[in-house]
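> Sequence and predicted structure are below.
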Amino acid sequence: QTTGLVITNIGKNSPVSYLNVGDIIVEAQKKKIRSIKNLEEIVEATLKSDQKTILIVIYNSQNQKRYIGVKLD
């Protein structure tokens, strides 16, 4: 059983525009993601720090696990 956020919509200018609807975000910055709030808190904390990239872990539709660095603006 995978818990995470299923991507339902991706904006054209999104920093993850190369991902696909249906991909599941399972981790960000080595923390398990269970809700959109988890992800928003990690993004906010990262933007407040000097880092501008977060590491996310996704499962794609082929059930492959991928590690992706996402650049934040």
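Okay, I see it. Predicted model only: the values in this text are computed from it and were never measured. Numbering: from 1, shown residues only.

> Could I get the average pLDDT for stretch 18-29?
Averaged over stretch 18-29, pLDDT sits at 95.

> can you pull the contacts of the nearest residue to S35 once chain neighbours are set aside?
Nearest residue to S35, sequence neighbours excluded (C-beta to C-beta, 6 or more residues apart in numbering): L5, at 7.3 Å. All C-beta atoms are positioned from the backbone trio N, CA, C, and that covers glycine. Residues near L5 by C-beta atoms under 8 Å, 6 or more residues apart in numbering: 24-25, 33, 35-36, 39.

> Please, a PyMOL command that selects the buried ones among the residues you listed?
In PyMOL syntax, the buried subset of those is picked out as below (16 or more other C-beta atoms under 10 Å):
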select buried, resi 24+25+33+39
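
> In strands, which of the contacts of L5 fall?
24-25 (DSSP state E).

> out of the contacts of L5, who's nearest K65?
I24 (9.9 Å; C-beta to C-beta).

> where's the closest one relative to S35, distance?
13 Å (C-beta to C-beta, to the nearest Å).

> Tell me what V6 is bridged to.
With DSSP bridges as the criterion, V6 is bridged to I24.

> what about L47, helix or strand, and which?
Using DSSP states H and E, L47 sits in helix 36-48.

> Centre of the chain to that helix, how far?
10 Å (C-alpha atoms, centre = their mean, to the nearest Å).
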